[in-house]
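Engineer: Please work out how this folds:
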Amino acid sequence: MGGCLILLICPESPRWLLINRGDEEKAREAMQKLRGCDNVEIEINEMKEEHRKSQEMDEDGKISMLDVLRLKESWWKMPLIISVFLHAGQQFSGINAVSTFFKY
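Structural biologist: Numbers count the residues shown, from 1 in each chain. Next comes the predicted model:
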């Protein structure tokens, strides 16, 4: 219930306003409110560029798991390493046994 009340004072996401609504001015205002400064042009341009790249990727086709493992894009390396270590850490911590027997 408290979370719903907090949502009333939160501004809309600048990325959502820019990409989904196409309202660059409202996106800029929301970004300025969140950042507390007027110079947000770099971030607005980055969001536009990311959206353009994601559209290109959608047009090229889907990415296979083999592409991810072969690191088709160099920036995939760190997120892949982090996710593998997080998953391995979860398995080695024994959390599955705890969550299984905690029900009873």
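
Engineer: contacting residues around the residue nearest in space to the middle of the chain?
Structural biologist: Closest residue to the average C-alpha location of the chain: R15 at 10.5 Å, with CA atoms, centre = their mean. Counting by CB atoms under 8 Å, 6 or more residues apart in numbering, R15 touches 27, 47. Placement of C-beta: from N, CA and C, glycine included.

Engineer: Quickly find the element holding it.
Structural biologist: Per DSSP states H and E: R15 is located in helix 14-19.

Engineer: Could you identify the helix or strand that succeeds that helix?
Structural biologist: Downstream of helix 14-19, the next assigned helix or strand under DSSP H and E is helix 24-35.

Engineer: what's downstream of that next one, the next helix or strand?
Structural biologist: helix 41-60.

Engineer: Now do that next one: distance to the chain's middle.
Structural biologist: Distance of helix 41-60 from its chain centroid, counting by CA atoms, centre = their mean, to the nearest Å, is 13 Å.

Engineer: Could you do stretch 88-95 as well?
Structural biologist: Here stretch 88-95 shows a centroid-to-chain-centroid distance of 25 Å under the convention CA atoms, centre = their mean.

Engineer: what's around E29, how many residues?
Structural biologist: As a burial measure, E29 scores 16 neighbours (other CB atoms under 10 Å).

Engineer: and if you look at the one 10 residues further on?
Structural biologist: N39 is surrounded by 9 other residues when neighbours are defined as other CB under 10 Å.

Engineer: quick one: pLDDT of it?
Structural biologist: Predicted confidence (pLDDT) for N39: 89.

Engineer: Could you do G61 as well?
Structural biologist: 66.
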